[in-house]
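> Dropping a prediction and its sequence here:
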Amino acid sequence: MTQGVVAMATAEIVGDGLRVRFARWEQLAVRRDEITVPLARIETAEQIGNPLARTRGGRIGILVSGVFKVGVWGIGTGTRQLVSVRRSGPALRVVFDGGKYRELLLSLPDAAELAEAIKARA
């Protein structure tokens, strides 16, 4: 880990799924250590800017205004988002059908490459 940078979620394609692993401190907010979304269920995968502004609705999680958000957003909206984002750097947005969540928002250094790999395989 780079000094001064807090570890956050990681994501990779493993077999036929997108596996997201949450840092130990994030696990309290997201209430899980990882999630795997089958590639066949993914509708959209894209790199996005300003991920802090992409959350909506009520939340269960951690928010440091203007810095980072980690947890579940979208409570009361019908679209639950599993979120691990910070203000700087690229982010990945994944929309998928079914399950407890409908969307993933993740700050990842390789967001663009991962989005393209998901599109190629989904």
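Looks like it arrived, so ask away. Numbering: from 1, shown residues only.
> low pLDDT regions in this protein?
For the chain, the stretches with pLDDT under 70 are 1-5, 122.
> just the strands in it please.
With strands called from DSSP state E, the chain shows them at 10-14, 17-21, 34-38, 42-48, 58-64, 68-75, 81-86, 91-96, 103-107.
> So which bits of stretch 57-74 are buried?
Buried positions in stretch 57-74, judged by neighbour count with 16 or more other C-beta atoms under 10 Å: 59, 61-63, 68-74. Backbone N, C-alpha and C define where each C-beta goes, glycine included.
> Let's see the top helix by length along the chain as PDB, backbone CA atoms only.
Counting by DSSP state H, the longest helix found in the chain is helix 111-121. Taking C-alpha atoms only, helix 111-121 is exported to PDB below (Å, rounded to 0.1, in the frame of the first residue of the first chain):
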ATOM      1  CA  ALA A 111     -11.500   0.800 -14.500                       C
ATOM      2  CA  ALA A 112     -11.300   1.400 -18.200                       C
ATOM      3  CA  GLU A 113      -9.500  -1.800 -19.000                       C
ATOM      4  CA  LEU A 114     -11.800  -3.800 -16.700                       C
ATOM      5  CA  ALA A 115     -14.900  -2.300 -18.300                       C
ATOM      6  CA  GLU A 116     -13.600  -3.300 -21.800                       C
ATOM      7  CA  ALA A 117     -12.800  -6.800 -20.600                       C
ATOM      8  CA  ILE A 118     -16.300  -7.200 -19.100                       C
ATOM      9  CA  LYS A 119     -17.900  -6.000 -22.300                       C
ATOM     10  CA  ALA A 120     -15.900  -8.400 -24.400                       C
ATOM     11  CA  ARG A 121     -16.900 -11.400 -22.200                       C
END
